[in-house]
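Enquirer: only geometry, no sequence info:
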């Protein structure tokens, strides 16, 4: 099974790159993932026309199931209402072929800082224990661990410690994040944490090109086998592997 993980498309005229977006759509459709996860910042300022552009972009990616959650840019200017109108609840639960997918809203209106909050903890644990034999995937916008090459650390979840404890105790296999536009992979005691860069915007860090992640799962062993980082122009790099007993970032 393949999961495509994209993030931070920033579908606003000043930052969205239509040519790269077309490349991303074509590449994803050629890869034919069963699951698409989009970890927020679909827009730049939460305006209706930006949500409409983001929705058209995502609808063109062929997959069996998609999980879309908001980022901090999406809840600006009362954008959380626009997100719900376009993509449904900000936190959500999906299940597909033995994979439990939990999308977790980590945003706060008009604030860049991430916070899950105690009001979601019980719901999250319930989602993760409904099917204990499933492979468990949790997606949220803000990253749960510091990411290299992002400058001074000030945007990690304010309650990252509490959330990580729940994720570890619930035996989550894979955590997907976005936010800082720097792709990276961590293996934390067997739980794989993958950040995605920006897929098709010009909001890139120095010498870090636009990219997205492709995750391959092992249905039999219920684990992550490989993660590939794929640039918006099509170059592919293996960044995590249990098949070859190696991890690279």
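Expert: Received it, and whenever you're ready, just let me know what you need. Please read these numbers as outputs of a predicted model, since none were measured by experiment.

Enquirer: next secondary structure element downstream of the longest helix belonging to the chain?
Expert: Using DSSP state H, we find that the single longest helix of the chain is helix 18-31. Downstream of helix 18-31, the first helix or strand assigned by DSSP states H and E is strand 35-39.

Enquirer: buried set for the next helix-or-strand element following that next one?
Expert: Going down the chain from strand 35-39, the next helix or strand is helix 48-59, by DSSP H and E. For helix 48-59, a neighbour-count test (16 or more other CB atoms under 10 Å) marks 50-51, 53-55, 57-58 as buried. Yep, even glycine has a C-beta here, placed from its N, CA and C like the rest.

Enquirer: packing partners for helix 48-59?
Expert: For helix 48-59, the elements it packs on are helix 79-87, judged by 3 or more CB pairs under 8 Å, 6 or more residues apart in numbering; DSSP states H and E.

Enquirer: report all helices and strands that the helix it packs on contacts.
Expert: Helix 79-87 packs on helix 48-59, going by 3+ CB pairs under 8 Å, 6+ apart.

Enquirer: list of residues touching the helix it packs on?
Expert: 9, 11-12, 16, 21, 25, 36, 38, 42-44, 66, 68, 74, 79, 82-83, 85-87 (CB atoms under 8 Å, 6 or more residues apart in numbering).

Enquirer: what about 7 Å?
Expert: 9, 11-12, 21, 38, 42-44, 66, 68, 82-83, 86 (CB atoms under 7 Å, 6 or more residues apart in numbering).

Enquirer: could I get those residues as JSON lines with distance to residue 242?
Expert: Converted to JSON lines, the contacts of helix 48-59 look like this (distance: CB to CB, whole Å):
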{"residue": "9", "distance to residue 242": "29"}
{"residue": "11", "distance to residue 242": "35"}
{"residue": "12", "distance to residue 242": "38"}
{"residue": "21", "distance to residue 242": "32"}
{"residue": "38", "distance to residue 242": "25"}
{"residue": "42", "distance to residue 242": "31"}
{"residue": "43", "distance to residue 242": "36"}
{"residue": "44", "distance to residue 242": "37"}
{"residue": "66", "distance to residue 242": "26"}
{"residue": "68", "distance to residue 242": "28"}
{"residue": "82", "distance to residue 242": "39"}
{"residue": "83", "distance to residue 242": "35"}
{"residue": "86", "distance to residue 242": "36"}
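
Enquirer: got those as JSON lines, with distance to residue 119 and neighbour count columns?
Expert: As requested, the contacts of helix 48-59 are arranged in JSON lines below (distance: CB to CB, whole Å; neighbours: other CB atoms under 10 Å):
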{"residue": "9", "distance to residue 119": "29", "neighbour count": "32"}
{"residue": "11", "distance to residue 119": "30", "neighbour count": "26"}
{"residue": "12", "distance to residue 119": "31", "neighbour count": "19"}
{"residue": "21", "distance to residue 119": "35", "neighbour count": "20"}
{"residue": "38", "distance to residue 119": "24", "neighbour count": "31"}
{"residue": "42", "distance to residue 119": "24", "neighbour count": "32"}
{"residue": "43", "distance to residue 119": "25", "neighbour count": "31"}
{"residue": "44", "distance to residue 119": "28", "neighbour count": "23"}
{"residue": "66", "distance to residue 119": "25", "neighbour count": "17"}
{"residue": "68", "distance to residue 119": "21", "neighbour count": "23"}
{"residue": "82", "distance to residue 119": "22", "neighbour count": "24"}
{"residue": "83", "distance to residue 119": "18", "neighbour count": "25"}
{"residue": "86", "distance to residue 119": "24", "neighbour count": "20"}
